[in-house]
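>>> turn this into a model:
(chains A and B)
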Amino acid sequence: MMPRLFVPQALARQPWQVIVPLTLLTLFGGTVLYSAAGGRLQPWAALHVIRFFGFLVMAMLLARVPQPWFKRAALPGYGLLCGLLVLVELIGRIGGGSQRWLNLGFMTLQPSELMKPAIVLVLAWFYAMLPLNELRGARAIVPPLVLLAIPAALVMLQPDLGTALAISFGALVMMFLAGLPLWLFIGGGAAAAIAAPVMFFFVLHDYQRKRVLVFLDPESDPLGSGYHITQSKIAIGSGGILGKGFGNGSQSHLDYLPEAHTDFVFATMAEEWGMLGGLFVLTVFAIVLGWGLKVALRAPDRFSRLLAAGMVTTIFFYVCINMMMVMGLAPVVGIPLPFLSHGGSSMMTNMICIGTIMAVDRWARLRPPGLR
Amino acid sequence: MTASRLTQSFQRRTFLLGAVQGGVGLLLAGRLGYLAVAQNAKYRAASESNRVNLSLIPPRRGWVLDRDGVALAANRADFRVDLIPDRLVDRDATLASLQTLLALSADHVADIRDKIDQSRGFQPVEVASKLDWDTFAAISVRLPELPGVIPQRGFSRYYPAGAAVGHLIGYVGPASADDYVREHNPLLITPGFKIGKDGLEKAFEVHLRGVPGARRIEATAGGRVVRELGTREDVPGQPMQLTIHAGLQDYAARRIGLESGSVVVMDCQTGDVLAMVSMPCYDPNAFSDGIGRIEWKMLSEDDHVPLRNKVLRGLYPPGSTVKPMVALAFLEAGLDPKAAVTCAGGLRVGNRVFHCWNHHGHGTTDMMKGIYQSCDVYFYHFAQQIGMDTIAAMMRRMGLGGQFPLPYPGQSYGTVPDPAWKQRKYHKPWAVYDTVNATIGQGYMLVNPLQQAVYAARLASGLNHMPRLVLDRHAAPPPSMGFKQDHLDLVHAAMNEVVNGRGTAGKARLPIPGVQMAGKTGTAQVVGLNMGNGKSGEWKRRDHGHFIAFAPFDKPRYACAVVIEHGGGSGAAYPVARDVMTYLFDQGKALAVLDDYERQWGGNLQQRMAAKYATYAARFGASAPPPPREAAEPAGTATDEPGAEPASPETAAASPAPEPEAQPLPTTAPEPAATPSAVPAP
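Sure, this is the predicted structure:
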């Protein structure tokens, strides 16, 4: 116990088993961005790392926030973000064309990004509040669906299919974990299977429809939308096991890879670091998500349990869709890879998720589940 | 539903969620392994082909040299700008900025638009060449705003003699869509590559082309070159040496001046073609970027048909130039050269009178006088005695109607009529007046200027020459024609008399002491005498002028044939032959004469063509209609079939009337000195 004497308790209590891998992953992301910028810290790498540490401090502070504050902030926060989404839509309408962000001066804020943890928070709050005997009734289903439908519709209007899917996925997993009857999900799945073609033909925008079609057959349009997927697969595949070496990625440096520093950063990384780099990234995510789920299982009450699991799901959805996309398993949707892709809003969202899980971790330590 | 059951349900479902996440993780790891390990080779190749850009370097074309090694077609280093239509983003904007940067004229831009419309997208379209460095640099720095525009340094074909070698050498141009269909070679769609479009450039394409080089560059997806990885030099095409004498070719082309005509000069010892000129002609230098609308308008509206190679595709009644060989046929048939007729200005054949060009008559005329005075009656008389078959056989031996293996498409070979031919062609028996017409080179007879030159060379040397264009210093000497020397001597002496004695071309005497030229005049009627006197009036109706010659007459070295279309008679042709021959013996004297002429004509060839172009450009600008596709290959319509009679001979000469009976006027060959008048047969 000797070393503990010299370490302040606030620091010693931090979940270093997660913070250390995350920091390594972010630094690794920094090196990839450094290479993608042609061996320069500007404009991406330095900012990426600085932002991470800034948001890490924010996450640690968030972890100190007591549970009642979370509960109290849930509905107003959700309402505020819905308002911002409407505002973004209005500004976009006036400015002509679609806009997804608000310029705050010091950073551009993308409200739809923040909506991902917000929907988890508001649903956790809702199900914690809902009496247990209502769980099989309409009151357990209709209000969450309304809570989901408003932001999802607003985001779809932008149009941003990726984020809308992320919000919906987070909400549905929350409903699943909250204990809604299983048949709802099975039935819903069946309905989705029927609705998908309808959606495809009547709801999706032309460019989205094209992306789906091209995803199914990327080579059909090697210079158009299929170009992204094809070039990304070439980058990952040509990296091999050990990669082409730091700074030697021709696909990214010669501009064949689109969005090499944001959505397709994994391909940029895999080209230079190979499969080994890819496995490292997957391992870190496994550690982080596994830790999050363990926290959720240890959580002291229904609210914190749902909250932690929902945050894990949010991060998971980012990782899953992005990596499936870059490896040609999912259509191209604009979803960045957490801690590797350059981008302030997504970094903030992910650190909010991490901070919230850390908060649940802290509550669990303060109040073990059995004692409630 | 109790809280503990709910907690259990949460735990179960969380485990499920975790399992799903783990499963996705494994799936992603598996996919990663599949792409990076199993498919590695495939993707590495794809990445490498992205990274390395292989671009072909058009090979330098082989030079075309004259017999002394002077360049007839060479290559010049230049800066050029091409455009790939498929890569254009905004065609109009790009063309507008190119127009400003390169200072292109409106008609030039209109031409580029036509070419873009006609090209198949991936084929480069030449925008401009022969740019200076500043202009080239101005384009190069603006490349990011000009997608699809490709500036490069390269070589362009250069013909120092310009129009003088147009028909001889042909020209090069960007490969057409049809060329690419015929030969699916990526070189053909490489910017800057030119393919032979006509003449020798086309016929010897394989020989001249060479092997392209290649440049391996690392380039971004946007086409910006990052670095060069390596270059393989091109292998220039092989040079080819012609029998042509560059100076003579150029001189002859200039000497034709404002006329429409042909000059062919052959070496009497070897059969080498020393000059083969058809004027006016296009400038092959101006054609290498495709034919512009103004050029096309200018060339196609010219009644002197600059697009036709008259040496090989112009057919003319040879007129009296056939007389020496007819005389030779007489001699071989055993006619005594002393045998004479009395020419009283005409001869009754059947129920018609055929006139001599000299209506006053030549009096007593033997063979010598028949040739040097070009007496028609002498030939009318003895031709009937000897018969057409003998005469036609001699004409064919001399090369008339002959097909010579020269590398040009669409040659016209003309006609040597005889009874069998007439029966085949018109299903009519041969008549006496057909013989009479043929012996003075009229009627059905049609020859091209090359055949005239071959005839002159064979007659001069007694050797069976085949015209040659590709130099072969080790070729076997041509075999003898089998003429008796005393027959040749007599004909040569008569032809010498034409120029240097009492003959019809006294002004053709060479200004070279000790060198005498022998020749024979010929005048071919274009229209009947009732429509014009043949010498003045409407250009199209004037007579063609012919002259065949060789020099020195006693030891023939060079033979020459000149045709001046609508020159008004042989008087237009023999001064040209005289000056061209003079050039071979004394260049200074010949050039002095030419300089005088060119001052009268308003400048030399280049100056006159430039002035004409400027006039057209000022008058029509971009409003001139675009040239038809593949207009550059006028050969397309001409008959390539060797044996076939040309459907309509490519000549302005009046086609022989199929029914001589229906023709009110007997066709005679008036000589320049006389003033013939049409006298209907009684």
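
>>> which residue lies closest in space to residue 247, excluding its sequence neighbours?
Defaulting to chain A. Nearest non-adjacent residue to A:G247, counting by C-beta to C-beta, 6 or more residues apart in numbering or on different chains: A:S35, 5.0 Å away. From N, CA and C alone the C-beta is placed, and that goes for glycine too.

>>> my bad, chain B
Using C-beta to C-beta, 6+ apart, the closest residue to B:G247 is B:Q587 (6.9 Å).

>>> which stretches of the chain have low pLDDT?
Using chain A here. Along chain A, the model assigns pLDDT under 70 to residues A:1-7, A:95-99, A:105-107, A:214-225, A:368-372.

>>> I was thinking of chain B, sorry if that wasn't clear
By pLDDT under 70, the weakly predicted segments of chain B are B:1, B:120-121, B:223, B:289-290, B:527-536, B:621-682.

>>> give me the residue from it nearest chain A.
Distances between chain B and chain A by C-beta to the nearest C-beta are smallest at B:Y43, namely 2.6 Å.

>>> helix, strand or coil: sort out that residue for me.
Put simply, B:Y43 is helix when judged by DSSP: H, G, I helix; E, B strand; the rest coil.

>>> surely it and B:S49 touch.
No: judged on C-beta atoms under 8 Å, B:Y43 makes no contact with B:S49 at a distance of 10.5 Å.

>>> more neighbours: which of the two?
Applying other C-beta atoms under 10 Å in any protein chain shown to B:Y43 and B:S49 shows that B:Y43 carries more neighbours, namely 22 against 11.

>>> can you tell me the closest non-neighbouring residue to that one?
In space, B:Y43 is closest to A:G237, 2.6 Å off (C-beta to C-beta, 6+ apart).

>>> before we move on, the earlier item: ok, and what's touching whichever helix or strand the residue nearest to A:G247 is part of?
Using DSSP states H and E, the element containing A:S35 is helix A:16-36. With contact meaning C-beta atoms under 8 Å, 6 or more residues apart in numbering or on different chains, helix A:16-36 is reached by A:40-41, A:44-46, A:48-49, A:52, A:56, A:246-247, A:249, A:252-253, A:260-261, A:265, A:268-269, A:272-273, A:277, A:280-281, A:283-285, A:287-288, A:291, A:339-342, A:354, A:358.

>>> from those residues, which ones fall inside strands?
Under the assignment DSSP state E, those contribute nothing to strands.

>>> among these, which lie within helices?
A:45-46, A:48-49, A:52, A:56, A:252-253, A:265, A:268-269, A:272-273, A:277, A:280-281, A:283-285, A:287-288, A:291, A:354, A:358 (DSSP state H).

>>> now, of the residues you listed, which are buried?
Taking 16 or more other C-beta atoms under 10 Å in any protein chain shown as the criterion, what is buried in those is A:45, A:48-49, A:52, A:56, A:252-253, A:265, A:268-269, A:272-273, A:277, A:280-281, A:284-285, A:287-288, A:291, A:354, A:358.

>>> chain B next: which of those residues are close?
The subset of these within reach of chain B, by C-beta under 8 Å from any C-beta of the partner chain, is A:F285.

>>> what residues are up against the residue of chain B closest to chain A?
A:233-234, A:236-238, B:35.

>>> can you do 10 Å?
For B:Y43, the contact set (C-beta atoms under 10 Å, 6 or more residues apart in numbering or on different chains) comprises A:230, A:233-240, A:251, A:271, B:35-36.

>>> is it possible to mark the buried ones in these?
For the contacts of B:Y43, buried by 16+ other C-beta under 10 Å: A:230, A:233-240, A:251, A:271, B:35-36.

>>> domains in chain B, by residue range?
For chain B, the structural domains run B:53-241, B:246-662, going by automatic domain parsing.

>>> hey, which of the ones you listed is tucked in deepest?
Mean neighbours per residue, mean count of other C-beta atoms under 10 Å in any protein chain shown, is largest over the domains of chain B for domain B:246-662, with a mean of 21.

>>> which residues touch whichever residue of chain A sits closest to chain B?
Of all residues in chain A, A:G237 sits closest to chain B, at 2.6 Å by C-beta to the nearest C-beta. Residues in contact with A:G237 (C-beta under 10 Å, 6+ apart) are A:251, A:267, A:270-271, A:327-328, B:32, B:34-47.

>>> these, buried ones only, as a PyMOL selection?
Those of the contacts of A:G237 that count as buried under 16+ other C-beta under 10 Å are selected in PyMOL with:
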select buried, (chain A and resi 251+267+270+271+327+328) or (chain B and resi 32+35+36+39+40+43+44+46+47)
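
>>> what's the distance between stretch B:442-453 and the middle of its chain?
Averaging C-alpha positions (C-alpha atoms, centre = their mean, to the nearest Å) puts stretch B:442-453 18 Å from its chain's average.

>>> wait, B:Y558 sits on B:M266?
Yes: B:Y558 lies in contact with B:M266 (C-beta atoms under 10 Å); the separation is 7.2 Å.

>>> give me the common contacts of these two.
Joint contacts of B:Y558 and B:M266 (C-beta under 10 Å, 6+ apart) are B:274-275, B:456-457, B:460, B:550.

>>> between those, which is closest to B:G334?
B:A460 (23.5 Å; C-beta to C-beta).

>>> tell me which element the closest one falls in.
According to DSSP H and E, B:A460 maps onto helix B:449-461.

>>> can you show me the CA trace of stretch B:247-259 as CSV?
Coordinates of each C-alpha in stretch B:247-259 appear next as CSV, following Å, rounded to 0.1, in the frame of the first residue of the first chain:
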residue,chain,number,x,y,z
GLY,B,247,16.6,21.2,-104.1
LEU,B,248,15.1,20.2,-107.4
GLN,B,249,11.8,19.2,-105.8
ASP,B,250,11.6,22.6,-104.1
TYR,B,251,12.7,24.4,-107.3
ALA,B,252,10.1,22.7,-109.4
ALA,B,253,7.3,23.4,-106.9
ARG,B,254,8.2,27.0,-106.9
ARG,B,255,8.6,27.2,-110.6
ILE,B,256,5.1,26.1,-111.3
GLY,B,257,4.1,29.3,-109.7
LEU,B,258,0.5,30.3,-110.0
GLU,B,259,-0.3,27.5,-112.4
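
>>> please enumerate the helices of the stretch 101-250 of chain A.
A:111-129, A:142-157, A:161-177, A:182-202, A:206-216, A:226-239, A:250-253 (DSSP state H, counting those that start in this stretch).

>>> kindly report the same for the stretch 451-600 of chain B.
Counting by DSSP H, counting those that start in this stretch, the stretch 451-600 of chain B has helices at residues B:485-500, B:574-585, B:587-601.

>>> which strands or helices does the first one pack on?
Contacts defined by 3 or more C-beta pairs under 10 Å, 6 or more residues apart in numbering or on different chains; DSSP states H and E place helix B:485-500 against helix B:323-332, helix B:367-372, helix B:449-461, strand B:518-524, strand B:544-551, helix B:574-585.

>>> same deal with the last one?
Other helices and strands packing on helix B:587-601, by 3+ C-beta pairs under 10 Å, 6+ apart, are helix B:246-256, helix B:574-585, helix B:605-620.

>>> fine, thanks again, bye for now.
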